[in-house]
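1. Sequence unavailable; structure follows:
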C-alpha cells in the first residue's frame, strides 16, 4: 500500500459533490491543490497531520471551484459582421480604407459600415483616418 502524504486541508462532516459521474461523499482530503482522497471521515483520519487544516462543513455542501470563462456572445457575434480592421488585417491606412471600400461596394447605400479591432497606433501613419478619407472610401455610408 503506498504511503500517502498528510493532507493540507480536510473537509469533513458534509456533502461533497465530486462530479456528475462520481458520488457525493462525506469527506475530502486536499494536498498541494489536488484531491488526495475522498470517502468517509474515518477514511481521512490517516491523512490528517499536525499542520492539516480540518474544516467541519457541519452538513453543508461543498462543490469544486468553477472557473466560468466569461464572454458576451451576442455582441461578439454582432461584431463578427463588422469590417476586420485589426492591425493583422489592415496594417496600413491604405489597407484599412480598402477594407472599408470593399464593404461599401456590397452594402446598400445609407447603411452603416462598422469596423472591429481598430487601433490607430498600429497603423503605419500612427493617426486616425480623416473624415475625408473615410467619406472617399464609403461616400454613401455612415
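-> Everything's here; your move. Predicted, not measured: the structure shown is a model, and the values here were computed from it.
2. so when I look at residue 20, I'm seeing a helix, right?
-> No. Residue 20 is assigned coil when assessed by DSSP: H, G, I helix; E, B strand; the rest coil, not a helix.
3. Quick check on it: phi, psi?
-> With angles defined as degrees, to the nearest 10, residue 20 sits at phi -60, psi -40.
4. center of the chain - which residue?
-> For the chain, residue 69 is the residue whose C-alpha lies nearest the centre (CA atoms, centre = their mean; 3.3 Å).
5. ok, it to residue 93 distance?
-> Residue 69 sits at a distance of 35 Å from residue 93 (criterion: CB to CB, to the nearest Å). Placement of C-beta: from N, CA and C, glycine included.
6. Now do the strands in this structure.
-> 9-12, 15-17, 24-25, 27-31, 34-39, 53-56, 61-62, 83-84, 115-116 (DSSP state E).
7. Mind putting those into JSON lines with mean neighbour count?
-> Formatted as JSON lines, those follow (neighbours: other CB atoms under 10 Å):
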{"stretch": "strand 9-12", "mean neighbour count": "21"}
{"stretch": "strand 15-17", "mean neighbour count": "16"}
{"stretch": "strand 24-25", "mean neighbour count": "16"}
{"stretch": "strand 27-31", "mean neighbour count": "22"}
{"stretch": "strand 34-39", "mean neighbour count": "15"}
{"stretch": "strand 53-56", "mean neighbour count": "14"}
{"stretch": "strand 61-62", "mean neighbour count": "13"}
{"stretch": "strand 83-84", "mean neighbour count": "18"}
{"stretch": "strand 115-116", "mean neighbour count": "17"}
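8. so where's the longest helix in this protein?
-> Counting by DSSP state H, the longest helix found in the chain is helix 93-105.
9. And for residue 137, the neighbour number?
-> By other CB atoms under 10 Å, the residues close to residue 137 number 19.
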